[in-house]
Structure formats: C-alpha cells, structure tokens
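Enquirer: Here is my input; please provide its structure:
(chains A and B)
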Amino acid sequence: MLTLPPLADWLQLDWMLVVVAGWAGIGLAGVLALNRFDFVARVLFPAGGVLGLVVAATAAGALDATPQVGVLPLGLPGLPFHVRLDGLAALFLTIIGAASAGISLFAAGYFRRGEGTPPGLLCLEYHLFLASMVGVVLADDAYAFMVAWEAMALSSYFLVTANHRLPDVRAAGYLYIVMAHVGAIAILLCFGVLQADTGDYTFTNMRMQSLTPFAASLAFALAVLGFGAKAGILPLHAWLPEAHPAAPSPVSALMSGVMLNTAIYGLLRVCFDLLQWRLWWWGGVLLTLGLGTALFGVVFAAVQTDMKRLLAYSSIENMGLIFVGLGLTLLFAGFAMKPMAALALTATLYQVASHAAFKSLLFLGTGSVLHATDERSLGKLGGLLRPMPWVGWLSLLGVLASAGLPALGGFVAEWLLLQSFLFTPGLPVTLLTMLVPVVAALIALIAALAGYTMVKFFGVIFLGQPREDKLARAHDAGLLERLGMGWLALGCLALGLMPVQFIHLIDPVTRRLVGAGLDGSMSGSRWLLAPASLQQASYGPTIFLLGVLACFAIAWLLVRLLYHGRVRRGPPWACGYPWGTARMQDTAEGFGQPIRQIFEPFFKVRRQLPTPFDDKPRYAVAIEDRFWGWLYVPIASAAAFMARAIGVLQRGRISAYLLYSFVTLMATLAVVMR
Amino acid sequence: MSVTTAGALSQALEIVAAISLAPLLTGWVGQCRAWLQNRSAPSPWQPYRTLHKLFNKESVVAETASQLFRVTPYVVFGCMTLACAIVPTLSTDLPLAPAADAIALVGLFALARVFIALAAMDIGTAFGTMGARREMLVGFLAEPALLMVLFSASLISKSTSLATIVETLAHRDFAIYPGLAFAGVAFTMVSLAENARIPVDNPATHLELTMIHEALVLEYSGRHLALLEWAASLKLFAYSCIGLALFFPWGVAHAQAPLQMLLALPMLALKLAVGGAMLALLETVMAKMRIFRVPEFLATAFLLAVIGMLVHQLLAR
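Expert: Numbering: from 1, shown residues only, chains lettered A, B, ... in the order given. Model (predicted):
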C-alpha cells in the first residue's frame, strides 16, 4: 500500500514532478476533448498556466536549498531516470515557469477555431513541450536528459508545423528538426566523452571523472556545437528566422523566450558543473562566437520586413550577448578570478531572465497583431496603437526593455556586462587585456543597433497611419491575451526596477557555479545596485525612474499653472503638399536602408531595378543570408551527391539485392573466420 | 549613503542652474555665430522670449497623433533635466548622482532619443519618419562613441560613477593622459552630431531634405515645442558640462568643501562662455556634410574613442 507523506513534507522536487505529471494530464485531457474548443481553450490552457506559476513559485523557493535528488521508476529496466533539483536548475525552472504562465494565459485566448491542427492535439503538444523543458532541466543522467531533449524537439516540431497545409511551414519545420538533431547528436557525443569509459551515464558519475584537458576540451567543443545549434549561434542560426514566423505566436514566444534558455542551461551545466576543467581559451571561443552572432543578428534584424523574422533575428542577437557573458565568465573562471566571474555570470543570468520576459511579450504582441490584421509583413501594417491600445502599450514596454533602455530589465543586464568588461583587471594574457575595450565597444554598438531595430519594429507596426484600410477595423486583444501580456510586461518592469532583489535571488547559483557571489561585495542599499563600491559604480533604477517622472510631473504642472492646457486638432503638416497618403511613410525597407548601406558586406543583396523602357516598372530588393551559400547549400548538395552515388546500387531487381546480400555475407565470413 | 544638507543644496542649485541657464547658452552660441558670420546678432536672451511665446500659444496636435505624441515632450524634458542633475558641474556632492553612472547617463540620452523618434513616427508623414530614421542613424553610432569616451575616463579613475571620475580628474597630480586626447576629439565630434550641429545637422535650417532635428519636431507646436526646444538646450548644456567635467574639471567643488560652490558657479559660467564661443567657431568654419557621410564621420569618432581606450590600456601596463 502506497502511502504519501503529508503535503507539508513534500520537497520542491516532488512538486515539480507533480506539475510535470499535471501537464501531461492536461495534454491527455486535450486529446480526449479533441474538438471541444471551448473546454480546451477556456479550461485546459489556463490550468496549464496556473501550473506554470506553481513551478515558478516552488523553484524560487529552492534557489538556495541543498540539491534534492530522486530516482524515477521510468525508462528502461535497470536504467531509471535520475532527477535533481539544485540552484541552477531552480533558477531556470523559475524563468520557465514564470514565462510560460503568461504565455499559457495568452494562448488560452489566442487559438482560434478551425485553424490547422485540432485544438486538443495542440493542447497535448503544447503541454508536452512545457513538461519536456522542465524535464531537461531536472534530468540528472544523460539518458533522461536526452529523452527530455528529444521530446522537447519533437513536440516543438509539431507545434511549429501546426499550419502544416502551407508548404513554407513544412519546409521550416523540416529545417528545424534537422538542426535540432544535429545538435542532439553533438550533445550525445559530449555525454559520451564526459562519462570517460565508465559506462555510467549519471551526472553524478560525470562530476567525479577527471578528464585530460584534451578530452575536456573535446567535450566542451561538442557541447558548444550541440547547445549552440539550439541557441542559434552562428553559423547554426538558420532555423530561427524560418521556424519562428511559421509557428503560431504563443509557440514562437515559448520557443524564443523559454526554449532557447534550455540551451544556455545545458551549456552552464556542462561547463560549470560536469566538467572539472575551465580553460581560459574556452571563454575566448565563446566570446568570439557570441560577438559574431550578436552583431550578425542585430544587423539582420534591422533590415527585416517580416515582424516575426525581425524578432527571430533579435533573439539570435540576444543569445549572442548571453554567449559573450558566458565566455567572459569562463575566461575569468579560467584565470581563477572569482569575483569577476561572479559579476559576468550574474550579468548573463540576468540577460537570460530579461530576454525571457521581453521576447515572449513581443512575440505575443505580434500574435495579437497577426490575428487582428492577418498581416505579418511590416509594409502592410501601421497605426495600430489606436485600434489596439492594450497590445500597443504593453508591447512598448517590451520594446523599451529589448532596446536596453534604463529602468527596464534589458538595461540592468547590459549594465552589469559592461561593468564586468570595464573593470577587468590586468589579465595574464596581454592580448586579452588589449581586446577587452574593443569587445566592450562592440557590445555598446550592438546595444545601440538593437535600439534602432526596436524603434523600427514598434514605429512601423503601431505608429503612423494605417497603410491598409482594413487596419482601422483591427480589434484589440481579448481579456486573457491582455492578462498574459500584462504578466510578462510586469516581469520586464520588475526586473528593471528591482535588480538588487533579483541579484540576491541569483546569488546562491553564482556562488555554487563559480565559487563567489555578488551579494557579499555589494555595497548599495535596497534601491541602489553597486556591485563593488558606491565610488566605483552604482545604478538605482527606482530613483532614476522617479527622477524622470518627477521632472515630468513638475514640468506638466508648471506649464498648466503658469500658462494653459489648450489643444487644437489639425491635419498633419506635409510642407504644403496636399496629397500625402499613408503609403508615403517610411516602410520597413526604407527604415532599414541606412543599415543595409552601412553594413553592405554582411548581406547578399539581390536588386531588381526598373529601366526607363519597362512597361510595368518594378523595384524589388531581397536580402539573403550569406551563410546559406557558404555552409548550408554545399552540405545539402554534398548529401544529394552522396545519395545519388549510393543510388547507383539501387537497381530495383531482386537478383541484384540477393547478390549484395551474398557478397556481404561472404565478406563478413571472410573477416570472422580469419 | 546619507544625504547632507549641503548635498541637497548643491543638487537643487545644480538643477535650477541647468534649467535656467541652458537657454542662455543656446542664445550665447547663436550670438557668437552671428558675430562670426557678420550678421547682426540676436540678444542672448532671445531663446527665453521664444520659449515664452511658444508657451503662450495653443498647441496644434495632428489628428493622427496618439497619446505617445503628447507625452513625449514631457518625457524628453524629464530625461534631459535628470541628465543635467547627475553630471557634476558645480559640485561632486550630488545625492542623485549614485542613481545613474556614466552608462546610465548614455542610457538616459538613448531613452529620450527613442521617445522622440517614436513620436515623430506617430504622425505618419514622410518627414517625421525620415527624421526618425536619420536620428536613429546618428544615434546608433554616436551613442557607443559617447560611451567609449566616458569609458576612457572611467579606466583612468577606475570608476563609472561620474562624481568619482570628476573628482579623480580634477584633484589628480598633473599628469597627461594620451588616451584622453583621443577621447576629447571623439567627444567633440559626437557632441556636434548629438546636438544637431553643423556638420551633421543645421539648427537654423528648415529645408526638409537636410534637416534631422527639425524634421523630428516638425509636428510640434505651442507648449510641446517649447518643452522640446528647452530640452534641446538642456542637452547642449549637459553635453557641454560633460565635456568640461571630463577634460577641464578644475573648479568643481569637492564633496567635502561645499563653500567652493560659491566659486564654482562663476567658474562654470566662464567655462561655458568660452566653450560656447568655441562651438560657434567650429560651426562657422565647417560645412554641412551629406547625410551618408555622417556615418563615416561618426565611425571615425567611435574608432578614435576606442583607440583612446586602447592607448590607455597600452600605457597602463
């Protein structure tokens, strides 16, 4: 007879497993109620969101608890699943839970009747996706990890191809699943190296192995390849801009804001927990990869004309920045500079959290816009702030956070990252010391370009005049959608205004990973973030915001008191030109044109210019990614060539195949009998 | 951190001085420019009269404008006031200063820029969006360049806190920092671009194809325009003060010596007068450049600032 301990004695780990089971149950309930749309949308999805909140709340409580371990009687006989909840896992679970709660609420109001996959099936895939992400983070052996990782890839593949009747969507899904598996193979090989011929694939065993530096570097390289493919690091980024526009918006939000973080988690787990070595040049590798990715991502984001592609490239940029932070942490850890490593790691984790909040928010915003207008192309949107005020203003918060502007989440992460560059003490390698300012300069450039991109994103979609007539009739998001977006916007604000409190939460994690935390050295007050000393650097977002708001209010009051508040509405001034239309506003192409010109070598541009003799003059410009020609097309044609070469053997005649079998048998016998 | 009476006083004095003196600086630059160009000069008090006139007029807001458009002038004004409040111009004992260091100061300028660009796009006319695009184009290169200039100073003082930077630079033993020389040139170039000055923009023009700042505020009128113009003056004031604080920091009152404040104000006025005259001179001897030369100009500034940091790193070893 199985007896359960009283609820009060349950560990956080138990609650996690209960939630995973709950999500699976919700998925099954969705299958049972396959086409009962109202039940699925109004009951199951909100219930899934509540479970997300439970994950976030319990995991937040486990941040500084001692690691909890368990063995699940699942999996193969003699090969059970090991699970473990430690600080690092708890941090990522908090982020996954909190972000997915908002996304689930939004999804409850988002999915519509009669679109592609039946609602019950979507519900199953969606909740399995959530459960598998939690599984990835909880796994404590390679087997459980790979099962969860594959479940995550497959469930998200089916979610991406929800509208599988469109050929583009199928192609995007195919690319995604191929890239996911390239990464999975690398991760599997990485675990193979880590277990060091002991045959025991538990993480506990891997932690105890002492690898040679060569083997450790090999494992590191495989981990970077595998997790980099999931995070969209150059040159394995190609799936992001294809898969995100194809997927339904809550799924894009979940993939970009939440799933990408599991790749960061995996890399942290391998580099700072499973491997005992931290070689400084690993940091250099990550730093270079991250910088290249971030610059590439932001420049491409600036020239996109599809709103979801733009956000996908922006995700690539953010992942690049996170890799820069990871690289810096490894660099410092390699030189045993613990306080600096703690600062860089805190910056990285902060970036992960704030990216989860603002990128999910922005993807949800594009979902509402897509539903209201049926348009994804920026060139056909505009002026949506008036018909859709909720979506517009909430997205503005996400845009400001994404642009890294003060008093919101993105800025804190950037601030910490720049601080860790700036106060790099002399490194033992002179070249690195010299390169540090250059890297800081590039990060500042990337941040400023992100601002450019976000102004374009928000300005073209929500501001100006509607470029199409139907936009004026766009409807605002429903209540559930607003709630979901509001929750994430609240996250952006809280991360921006309470850095000290959040860093306090992150502290046990950095302490465990790099052996030092910021908490001890922080000298500011509750409202003042000062990583080292007040004389060195400090930032008080609340005071900052109150300062701006106070100046705002005093200016407003004084103007009203001393002067007046009269306003008259009039037509906009177009320098006397009376035939101005909405089509004369800058399009997305126009807004991105300076970037296209300045960063010309980045792009492969195909222009079609009209000549004076054309009957129907047409101007077209298409921007393509050079990596397709450099990497993907050669690999694809090599694969096709190999297939053709092997195809010669395929005669389609039984006698030929019998001959092959006979020859193989003979050859095998010859080898065996020798 | 405790707020002393002297600190609160110097903070208040600094804000009041910035808000009240900023239009005078703009007027003074205009007057010098007119003198140098053999025109009869307007009085340096002219900007105050313009502001008063604009405040009295009613505001005409375009029919297509949303709330964002009406909020922006106040946001921009608030940002610029806060920027002036945290740059140590009179004293380094500023209670507000710990809330924002050099990086946050650049963020503050970026916040104002993003808001004003969004407001310009809000109307949905060709001029507004063109202005917004050009402003962001100037911004994405000028912003990192400014950050690098501030970093060059931070590396010397081992701090990003503006108060500490100024204290270190002002009360150091006499030493020459070659890194700062590069940073100084870069800073001059950036401030010309950021304050819509020749050679990047012309504050006196109203020709659509050349203007940046004027295209952004084209739709504004009445009190909104007044606030934006005032904010532009405050920005010029803040930039001048940053330049003075980094490269000519002598005369700023020490945190422990509030009495030096009495001397700091006339000192600041003198430095600003000279700085404004130099700005007018620079504007007179240069010609406006094509818009697509601007990125080259700013990229040069950016590179110079980075070289400044590199030089410092090289020599520090």
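
Enquirer: Contact partners for the nearest residue to A:Leu11 once chain neighbours are set aside?
Expert: Nearest residue to A:Leu11 in three dimensions, chain neighbours excluded: A:Gln68, at 4.9 Å (C-beta to C-beta, 6 or more residues apart in numbering or on different chains). For the C-beta atoms, the positions are set from N, CA and C on the backbone; glycine is no exception. By C-beta atoms under 8 Å, 6 or more residues apart in numbering or on different chains, the contact list for A:Gln68 reads A:Leu11, A:Gln12, A:Leu13, A:Ala62, A:Arg84, A:Leu85, A:Asp86.

Enquirer: one more time with 7 Å
Expert: Contact analysis of A:Gln68 by C-beta atoms under 7 Å, 6 or more residues apart in numbering or on different chains lists A:Leu11, A:Gln12, A:Leu13, A:Arg84, A:Leu85.

Enquirer: Just put those residues in JSON lines and tack on pLDDT.
Expert: Output for the contacts of A:Gln68, formatted as JSON lines (pLDDT from 0 to 100):
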{"residue": "A:Leu11", "pLDDT": "83"}
{"residue": "A:Gln12", "pLDDT": "84"}
{"residue": "A:Leu13", "pLDDT": "85"}
{"residue": "A:Arg84", "pLDDT": "90"}
{"residue": "A:Leu85", "pLDDT": "90"}
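
Enquirer: most neighbours, which of those?
Expert: Of those, A:Leu85 is surrounded by the most neighbours, 27 neighbours in total, counting by other C-beta atoms under 10 Å in any protein chain shown.

Enquirer: Quick check: it vs A:Trp23, distance?
Expert: 17 Å (C-beta to C-beta, to the nearest Å).

Enquirer: Kindly report the same for A:Ala172.
Expert: 26 Å.

Enquirer: Please identify which of the two sits among more neighbours.
Expert: Applying other C-beta under 10 Å to A:Ala172 and A:Trp23 shows that A:Trp23 carries more neighbours, namely 26 against 21.

Enquirer: Do I have it right that that one meets A:Gly48?
Expert: Yes: using C-beta atoms under 7 Å, A:Trp23 is in contact with A:Gly48, at 6.2 Å.

Enquirer: Now do the shared contacts for the two.
Expert: Shared contacts of A:Trp23 and A:Gly48 (C-beta under 7 Å, 6+ apart): A:His127, A:Leu130.

Enquirer: Tally up the residues packed near the residue lying closest to A:Glu468 once chain neighbours are set aside, please.
Expert: Residue nearest to A:Glu468 in three dimensions, not counting chain neighbours: A:Lys380, with 5.3 Å by C-beta to C-beta, 6+ apart. By the criterion of other C-beta under 10 Å, A:Lys380 has 17 neighbours.

Enquirer: Quick check: pLDDT value at the closest residue to A:Ala216 other than its chain neighbours.
Expert: Excluding the flanking residues, the one nearest A:Ala216 by C-beta to C-beta, 6+ apart is A:Trp277, at 4.1 Å. A:Trp277 carries a pLDDT value of 83.

Enquirer: Now do the same contact list for A:Trp277.
Expert: By C-beta under 7 Å, 6+ apart, the residues touching A:Trp277 are A:Leu211, A:Pro213, A:Ala216.

Enquirer: thinking A:Ala253 is in contact with A:Leu364, fair?
Expert: Yes: assessed by C-beta under 7 Å, A:Ala253 is found in contact with A:Leu364 at 5.2 Å.

Enquirer: shared neighbours of these two, which are they?
Expert: A:Ile103.

Enquirer: Among the contacts of A:Trp277, which one has the most neighbours?
Expert: The contacts of A:Trp277, ranked by neighbours (other C-beta under 10 Å): first place A:Ala216, 22 neighbours.

Enquirer: roughly how far apart are the residue nearest to A:Leu11 and chain B?
Expert: In this structure, A:Gln68 and chain B are 39 Å apart, going by C-beta to the nearest C-beta, to the nearest Å.

Enquirer: swap in A:Gly70?
Expert: 44 Å.

Enquirer: In three-state terms, label that residue for me.
Expert: Assigned by DSSP: H, G, I helix; E, B strand; the rest coil, the conformation of A:Gly70 is strand.

Enquirer: circling back: just the pLDDT for the residue nearest to A:Leu11.
Expert: 87.

Enquirer: go on, A:Val147?
Expert: Predicted confidence (pLDDT) at A:Val147: the value is 93.

Enquirer: Let me see the backbone angles for A:Leu79.
Expert: When quoted as degrees, to the nearest 10, the phi and psi of A:Leu79 stand at phi -140, psi 70.

Enquirer: Count the neighbours of it for me.
Expert: 12.

Enquirer: My read is that it contacts A:Ala142, right?
Expert: No: applying C-beta under 7 Å, one finds A:Leu79 not in contact with A:Ala142, separated by 10.5 Å.

Enquirer: The residue in the stretch 101-250 of chain A positioned nearest to chain B in helix, strand or coil?
Expert: Closest to chain B within the stretch 101-250 of chain A is A:Leu234: 21.0 Å, counting by C-beta to the nearest C-beta. Under the three-state scheme (three-state DSSP), A:Leu234 adopts coil.

Enquirer: Do I have it right that it meets A:Leu295?
Expert: No: if you go by C-beta under 7 Å, A:Leu234 and A:Leu295 don't touch, sitting 9.3 Å apart.

Enquirer: Name the residue in those two with the higher neighbour count.
Expert: Neighbour count, other C-beta under 10 Å: between A:Leu234 and A:Leu295, A:Leu234 has more, with 23 against 20.

Enquirer: For the more buried one, which non-adjacent residue is closest in space?
Expert: A:Thr293 (4.4 Å).

Enquirer: average model confidence for the helix or strand containing that neighbour?
Expert: Using DSSP states H and E, A:Thr293 sits in helix A:280-303. What helix A:280-303 shows for mean pLDDT is 92.

Enquirer: for stretch A:488-496, same thing?
Expert: Mean predicted confidence for stretch A:488-496 is 93.

Enquirer: what does that stretch contact?
Expert: A:98-99, A:102, A:353-354, A:357-358, A:360-361, A:364, A:394, A:397-398, A:401, A:407-409, A:411-412, A:502, A:541.

Enquirer: Return the residues in contact with B:Thr164.
Expert: A:Gln535, B:Ser157.

Enquirer: what residues does the stretch 201-317 of chain B put near chain A?
Expert: Proximity of the stretch 201-317 of chain B to chain A (C-beta under 7 Å from any C-beta of the partner chain) is limited to residues B:Glu208, B:Leu218, B:Glu219, B:Arg223, B:Leu227, B:Phe292, B:Pro295, B:Val306, B:Met309, B:Leu310, B:Gln313, B:Arg317.

Enquirer: hmm, which of those residues are the buried ones?
Expert: B:Leu218, B:Glu219, B:Arg223, B:Leu227, B:Pro295, B:Val306, B:Met309, B:Leu310, B:Gln313 (16 or more other C-beta atoms under 10 Å in any protein chain shown).
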